[in-house]
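predicted model and sequence below, questions to follow.
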Amino acid sequence: MPIFEYKCGRCGQEFEELVFGDDAPACPACGSKKTSKLMSCCRTKTGGDGGGFDAPSSGGGGGCSGCSGGSCSTCH
């Protein structure tokens, strides 16, 4: 099931949402349906020594925008 990152066009809140179909989710902060999908950064697990992670497949720096704990699989 795909989880996408979105940004609210009204209040600027960035959030993640599990989405089925083409429906745009409502912003959890203000309830606006004026949201846009963000380009997500993904990682792949390697089969090499230590079972580490490859670098993110798309550019950009820092952790993910939707994670505050820094422990999800997409954070650096």
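Cool, the structure landed.

how about the helices in this protein?
With DSSP state H, there are no helices along the chain.

low-confidence stretches in it?
1, 41-76 (pLDDT under 70).

just give the number of residues close to the residue nearest to residue 40 when sequence neighbours are not counted.
Closest residue in space to residue 40, ignoring its immediate chain neighbours: residue 5 at 5.1 Å, by C-beta to C-beta, 6 or more residues apart in numbering. In this view, the C-beta of every residue, glycine as well, is placed from N, C-alpha and C. Neighbour count of residue 5, defined by other C-beta atoms under 10 Å: 18.

tell me what residue 5 is bridged to.
Going by DSSP bridges, residue 5 is paired in beta bridges with residue 16.

surely it meets residue 36?
No. Judged on C-beta atoms under 8 Å, residue 5 makes no contact with residue 36 at a distance of 9.9 Å.

with just CA atoms, put stretch 11-19 into PDB.
In PDB, the C-alpha atoms belonging to stretch 11-19 read as follows (Å, rounded to 0.1, in the frame of the first residue of the first chain):
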ATOM      1  CA  CYS A  11      -1.000  26.200   5.600                       C
ATOM      2  CA  GLY A  12       2.200  24.700   4.300                       C
ATOM      3  CA  GLN A  13       2.000  21.600   6.500                       C
ATOM      4  CA  GLU A  14       3.900  18.600   5.100                       C
ATOM      5  CA  PHE A  15       2.500  15.100   6.000                       C
ATOM      6  CA  GLU A  16       2.400  11.500   4.900                       C
ATOM      7  CA  GLU A  17      -0.800   9.700   3.900                       C
ATOM      8  CA  LEU A  18      -1.800   6.200   2.900                       C
ATOM      9  CA  VAL A  19      -3.800   6.800  -0.300                       C
END
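
for it, which outside residues touch it?
1-8, 25, 27-30, 32, 38, 65-66 (C-beta atoms under 8 Å, 6 or more residues apart in numbering).

can you tell me, leaving aside adjacent residues, what's nearest to residue 2?
Nearest residue to residue 2, sequence neighbours excluded (C-beta to C-beta, 6+ apart): residue 19, at 6.4 Å.

can you report how many residues neighbour the one you found?
Neighbour tally, residue 19, other C-beta under 10 Å: 15.

appreciated, that's everything.
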